[in-house]
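Chemist: Let's see this in three dimensions:
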Amino acid sequence: MSQTENHTHTVRRLYGPDLPLFREHLLRLDSETRHDRFGLQVSDEYLENYAELCFAPGALTYGYFEDGVIRGGGELRMFSSKDHPNHRDGEAAFSVELPWRRSGIGTQLMKHIVLAARNRSIGTLTIVCLRSNQAMLRLAKKFEAELQFEMSEVTGHLVARSPTAMSLWHEFVDNTLDLGASLIDYQGRLLHRTAHEG
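Modeler: All right, here's what the predicted structure looks like:
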């Protein structure tokens, strides 16, 4: 965790207790950001249901926190490879609230996603975004994605490197700390709510 301009911020993996915070993040996305993220305009009800899917089996979700509030999210969905049935591929997606965009949050989230994909032997990590989403295109290029231009989308494919003992250990330590932080945050919210209700 670091301190910049009197704000604390951190990036960590999200767990069950973080679902309400992630849902609130999605609901705060403005219409342009929602369109960039999902390729169409989506309703609050859609986002509420979508948030649940981000915590389902086969999905990993990371959050960028500022002062205890999620302002950015990164998602990794894993599925069986079409080309190699015994292997898995993944798809990455990102959402950053408008006032926090273009400040390097996507890059921070992407580092966690790439590490998680590598440690799960994901063969190809795909990023799908609209051709007009320049921020996502820049992010994909930072990670040396090979971009394939299609009708209205750009699909960036990252071929994951094989996991190493160090990469596995790095994620294990991060996840252990992240789970502890999630539970502490959740307990803090419960105490805060109880104090205000009392």
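
Chemist: Pull the residues that contact the helix or strand hosting L125.
Modeler: In this structure, L125 sits in strand 122-130 according to DSSP states H and E. Contact with strand 122-130 is made by 35-36, 39, 76, 78, 81, 84, 87-93, 113-114, 117, 136-137, 139-140, 145, 152-160, as judged by C-beta atoms under 8 Å, 6 or more residues apart in numbering. The C-beta positions use only the backbone N, C-alpha and C, and glycine is treated the same way.

Chemist: next structured bit after that strand?
Modeler: According to DSSP H and E, the helix or strand after strand 122-130 is helix 134-142.

Chemist: Run the angle between that following helix and strand 122-130 for me.
Modeler: 150 degrees (axes from the mean of the first three to the mean of the last three C-alpha atoms, to 10 degrees).

Chemist: and the longest strand seen in the chain, how far from the chain's centre?
Modeler: Ranked by residue count and defined by DSSP state E, the top strand of the chain is strand 69-80. Computed by C-alpha atoms, centre = their mean, to the nearest Å, the separation of strand 69-80 from the middle of its chain amounts to 3 Å.

Chemist: Now the residue nearest the centre of the chain. Nearest residue, chain neighbours left out?
Modeler: Compute the mean C-alpha point of the chain, and by C-alpha atoms, centre = their mean the closest residue is G74, 0.9 Å away. Distances taken as C-beta to C-beta, 6 or more residues apart in numbering put L109 closest to G74, at 3.3 Å, once the chain neighbours are dropped.

Chemist: Specify the beta-bridge partners of the closest residue to I105 other than its chain neighbours.
Modeler: Using C-beta to C-beta, 6+ apart and skipping the chain neighbours, the partner closest in space to I105 is G72 (4.2 Å). Beta-bridge pairing for G72 (DSSP bridges): Y64, V96.

Chemist: What are the neighbouring residues in contact with G72?
Modeler: With C-beta under 8 Å, 6+ apart, G72 has these contacts: H25, G63, Y64, F94, S95, V96, E97, W100, I105, G106, L109.
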